[in-house]
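[1] Next come a sequence and a model predicted from it.
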Amino acid sequence: MNALKGLVAALLLGGGTMAMAANDGQMRVNQVLKADPQYLETWQQVVKKEERLPEWVMNLSGDSQQMNAVEEDGDKYLVGPLCETEATCRSKRLFVAFSFDKDEAYALLVEVPAGLPADKSPTRHADYRFLGNPDEGMQELLMEQLKKDPNWY
């Protein structure tokens, strides 16, 4: 009987630990729209006003890394990068910021000509497009995310 109680306790404890891990902010950009309908609604408001966006940007699908909590002007945002594919990340990437209350979303789409030689600076050849009408502070926050890339010069 004690073995059964121990097994039940271990299962309950393990389940609780998994639930906490799922809610500790360890989310990726390509998972955010499926995580909560409010993220989807907010993102749709951002992209519906834009013209000629790639499908991977519209759906936040592609290759992504973990999102992080960042503060800008006293407000907290969940921020992370997304690439069309891992192979094209140098030439097609997006940095997304969602407010913690999920009411606001902003993004920076960065496109560099494919096949740009390694000795050419991507900063000089990139096209930058802000989505969601971010103010100057938010634009700086998104650009800072890009500048964290050691291959961005």
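    That came through fine.
[2] pLDDT score assigned to K120?
    Note on K120: pLDDT of 77.
[3] cool, and the one 5 residues further on?
    Per-residue confidence for H125 comes out at a pLDDT of 80.
[4] helix, strand or coil for the residue positioned nearest the centre of the chain?
    Against the mean C-alpha coordinate of the chain, by Cα atoms, centre = their mean, the closest residue is G80 at 3.0 Å. For G80, the assignment made with DSSP: H, G, I helix; E, B strand; the rest coil gives strand.
[5] Quick one: name whatever helix or strand follows the helix or strand of the chain with the lowest mean pLDDT.
    Ranking every helix and strand in the chain by mean pLDDT, DSSP states H and E puts helix 2-22 at the bottom, with a mean of 37. Moving toward the C-terminus from helix 2-22, the next helix or strand (DSSP states H and E) is helix 29-35.
[6] Packing partners of that next one?
    Under the contact definition 3 or more Cβ pairs under 8 Å, 6 or more residues apart in numbering; DSSP states H and E, helix 29-35 sits against helix 37-47, strand 63-64, strand 75-83, strand 92-99. Yep, even glycine has a C-beta here, placed from its N, CA and C like the rest.
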